[in-house]
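Enquirer: Provided below are the primary sequence and the corresponding predicted coordinates.
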Protein chains: 2
Amino acid sequence: MSEFTNVTVVREANVYFNGGVTSRTVIFPDGTKKTLGIMLPGEYTFNTGAAELMEILSGELDLKRPGSDLWDRIGGGESFDVPANSSFTMKVLAVTDYCCSFLA
Amino acid sequence: MSEFTNVTVVREANVYFNGGVTSRTVIFPDGTKKTLGIMLPGEYTFNTGAAELMEILSGELDLKRPGSDLWDRIGGGESFDVPANSSFTMKVLAVTDYCCSFLA
C-alpha cells in the first residue's frame, strides 16, 4: 500500500457514466490535484482540460489515444500521458483502480 | 463541497462485490480512520468489526439493521449507526456516495 500524506480530500465523489467511473479529489499542499478513481468494465471517452498522467494501480484496459485508431493494452503498474485539451477512449476490461495527476 | 484537511489517503482502493462497492481509506492525525466510498445499485451485506457511522452523502438505499427484518429507506444527508461485530444489509437503489466512520 502507498499513501499520500498531509493532503486535503474532497468528501463528495466525482461520478461519471452512472457510476461506471467514480473518483475522489486529493489536493496537495502545493495546490496541485490528483484524483483516485475506480473504473468498472465498460467503454468511456474523456476530454482533458489540463494534461494528465494516468497511473493504473490495478486492473486492465485498452486505450485509444487522441488522434489514433490503435488500441494499446494497459495493465496494473503501467501509466500513460494524455495531452491537454484532447480526448481519449478506454475500454475497461476489469475493475480498474487509477490515480490521475493533472499536469500544469 | 466539504473537505478533510491534513489527512493521509491510502492510494489503493478497497474493492468489494466486483466493484459494486469501492472506497478509499482516509487516516486522520489522531489515528482514526474513515472511508469515502461509492455503492452502485445492488444488494450488499457487510459485517462490522468496530462500530460504524455511515453518512450517506448522496443516493438512496434501503437498510436492514442487525437483528431486524424491517427495511428503512435512507437518503442523501441521512446517516445510520451500525454496532460493532454485527451484520447489516443494504439494497442500494441509486449510485450512493458515503462516508463511513469507524468508532472506537
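Expert: Thanks, I have it.

Enquirer: ok, is the longest strand along chain A in contact with chain B or not?
Expert: Determined from DSSP state E, the single longest strand within chain A is strand A:87-103. Yes - applying CB under 8 Å from any CB of the partner chain, one finds strand A:87-103 touching chain B at A:95, A:97, A:99. All C-beta atoms are positioned from the backbone trio N, CA, C, and that covers glycine.

Enquirer: Adjacent strands (with direction) for that strand?
Expert: strand A:33-39 (antiparallel), strand A:42-47 (antiparallel), strand A:51-64 (antiparallel) (DSSP bridges).

Enquirer: Mind checking the pLDDT average for the longest one?
Expert: Averaging the model's pLDDT scores along strand A:51-64 yields 98.

Enquirer: just to revisit the earlier point, CA atoms only: put the longest strand of chain A into PDB for me.
Expert: The C-alpha trace of strand A:87-103 is given here as PDB (Å, rounded to 0.1, in the frame of the first residue of the first chain):
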ATOM      1  CA  SER A  87     -10.000  13.300 -25.900                       C
ATOM      2  CA  PHE A  88      -9.200   9.600 -25.200                       C
ATOM      3  CA  THR A  89     -11.200   6.400 -25.000                       C
ATOM      4  CA  MET A  90     -10.800   3.500 -22.800                       C
ATOM      5  CA  LYS A  91     -12.300   0.000 -23.000                       C
ATOM      6  CA  VAL A  92     -12.000  -1.100 -19.300                       C
ATOM      7  CA  LEU A  93     -11.700  -4.900 -19.200                       C
ATOM      8  CA  ALA A  94     -11.600  -5.400 -15.400                       C
ATOM      9  CA  VAL A  95     -12.300  -3.300 -12.300                       C
ATOM     10  CA  THR A  96      -9.500  -0.700 -12.600                       C
ATOM     11  CA  ASP A  97      -8.100   1.400  -9.800                       C
ATOM     12  CA  TYR A  98      -6.300   4.600 -11.000                       C
ATOM     13  CA  CYS A  99      -4.500   7.800  -9.900                       C
ATOM     14  CA  CYS A 100      -4.900  10.700 -12.300                       C
ATOM     15  CA  SER A 101      -2.400  13.600 -11.900                       C
ATOM     16  CA  PHE A 102      -3.300  16.900 -13.500                       C
ATOM     17  CA  LEU A 103      -0.100  18.400 -15.000                       C
END
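
Enquirer: Can you give me the buried ones in that strand?
Expert: A:88-90, A:92-93, A:95-102 (16 or more other CB atoms under 10 Å in any protein chain shown).

Enquirer: Any chance of JSON lines for the residues of strand A:87-103 next to chain B, columns pLDDT?
Expert: What follows is those, written out as JSON lines (pLDDT from 0 to 100):
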{"residue": "A:Val95", "pLDDT": "98"}
{"residue": "A:Asp97", "pLDDT": "98"}
{"residue": "A:Cys99", "pLDDT": "98"}
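
Enquirer: okay if I get these as a markdown table plus distance to A:Thr35?
Expert: As requested, those are exported to a markdown table (distance: CB to CB, whole Å):
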| residue | distance to A:Thr35 |
| --- | --- |
| A:Val95 | 17 |
| A:Asp97 | 12 |
| A:Cys99 | 7 |
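
Enquirer: what's the closest of the strands paired with strand A:87-103 to A:Glu78?
Expert: strand A:51-64 (5.4 Å; CB to CB).
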